[in-house]
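Novice: fold the following.
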Amino acid sequence: MTFEPQKQDTFNEALLKELTTTNKKLEKIIALLISNQLLEECISPDGEPREAQEMATIVSESYSAGLCLSDEMENRAKQYDYHKSEFFVDDEENETLEEADAIHEDKNDEEPPARGTVFSKF
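Specialist: This next block holds a predicted model:
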């Protein structure tokens, strides 16, 4: 897809403006979340007030834990996609089998055949 230079510049400026607006909104959300967590961590479960350094440590550790969980989730999603691509190499074949099963279910006169069998009635 190619644009004229003037249209490309206009598009880039609009995109930059949208990204800037989105980033400002995300920064506000992050600030609110951190403020909320700080308020929750002001008091220990025992009812004792915590010092600022202790609260900062808790917040930074929870941030690091969140990053680790996010990375782990991304890795597992990649592994899942890899395994899915390994086990379901030919999606067209699976779709044809599903269509054949659907046709067979409409007839309701016998059990559906096992996958990979030849459909002699069709």
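Novice: could you use CA atoms for every contact and neighbour count after this?
Specialist: OK.
Novice: may I see the buried residues of the helix or strand containing Asn12?
Specialist: Element membership of Asn12, judged by DSSP states H and E, is helix 5-41. For helix 5-41, a neighbour-count test (16 or more other Cα atoms under 10 Å) marks Leu38, Glu41 as buried.
Novice: quick one: low-confidence ranges for the protein?
Specialist: 1-3, 88-122 (pLDDT under 70).
Novice: which positions within whichever strand or helix holds Thr57 qualify as buried?
Specialist: Per DSSP H and E: Thr57 is located in helix 52-87. For helix 52-87, the neighbour count (16+ other Cα under 10 Å) marks Met55, Val59 as buried.
Novice: that helix - contacts with which helices or strands?
Specialist: With contacts taken as 3 or more Cα pairs under 8 Å, 6 or more residues apart in numbering; DSSP states H and E, helix 52-87 sits against helix 5-41.
Novice: next, the angle from the helix it packs on to helix 52-87.
Specialist: Between the axes of helix 5-41 and helix 52-87, defined by axes from the mean of the first three to the mean of the last three Cα atoms, to 10 degrees, the angle is 130 degrees.
Novice: start the count at 704, not 1, going forward
Specialist: Let's use 704 as the start, then, which means that last one is helix 708-744.
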